[in-house]
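Engineer: give me a 3D structure for the following:
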Amino acid sequence: QLQLAESGGGQAQAGDSLRLSCVLSNRRFTNYAMGWFRQTPEKEREFVAGISWSGGSTYYSDSVKDRFTITRDNARSTAYLQMNRLKPADTAVYYCAAGRNSGSFHYSARSEYDHWGQGTQVTVSP
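Structural biologist: Numbers count the residues shown, from 1 in each chain. Take a look at the predicted model:
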C-alpha cells in the first residue's frame, strides 16, 4: 500500500524559510505526479504546488508563486517544498499528495490525487 510521509514543518517567523519533504514508499515514485496542498480551520484544502513525474513541469498557486519551489528527487522517492519569505498567511497544515500520471493531469484539483500524507503543521508568526 502506497504511503506518504511528510516532514519539515514547524514554527517560523515572517521572512524565514522552511523546507518540507514527502517520501513515497511501496510504489514506483515515477508513476506519480506530486502535489502540495494546505488547509486551515477556516478554509477548504487548497492547492499550493504540483510537479510532474519527471520534474520537468511545475505549477503554483498565485499566492505562493515566486516564494515557494516544488522539486522532486526520483532516486530518493521524495518531493520537496521549499518555502521562502514566509508570511503569517502561510500558516496551515501542509499535505503532500500523489496522483497517477495521466496525459491530462489537473495539478490543482484535489480529485486528481489518490493518496495523501498525514499533514505537517507550519506556523508563521509576524
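Engineer: please, where are all the helices along the chain?
Structural biologist: Using DSSP state H, the chain contains no helices.
Engineer: spatially central residue for it, please.
Structural biologist: The centre of the chain sits closest to W36, judged by CA atoms, centre = their mean, with a distance of 2.1 Å.
Engineer: my read: that residue touches V48, true?
Structural biologist: Yes - using CB atoms under 8 Å, W36 makes contact with V48 at a distance of 4.4 Å. Glycine gets a C-beta too; all of them are placed from N, C-alpha and C.
Engineer: now do the shared contacts for those two.
Structural biologist: L81, Y94 (CB atoms under 8 Å, 6 or more residues apart in numbering).
Engineer: and the residue nearest to the centre of the chain, what does it touch?
Structural biologist: Counted by CB under 8 Å, 6+ apart, W36 has contacts L20, C22, V48, A49, G50, I70, A79, L81, Y94, Y95, C96, A97.
Engineer: try L24
Structural biologist: Counting by CB under 8 Å, 6+ apart, L24 has contacts L2, Q3, L4, Y32, M34, S77, T78, A79, A98.
Engineer: filter these to the buried ones?
Structural biologist: L4, Y32, M34, S77, T78, A79, A98 (16 or more other CB atoms under 10 Å).
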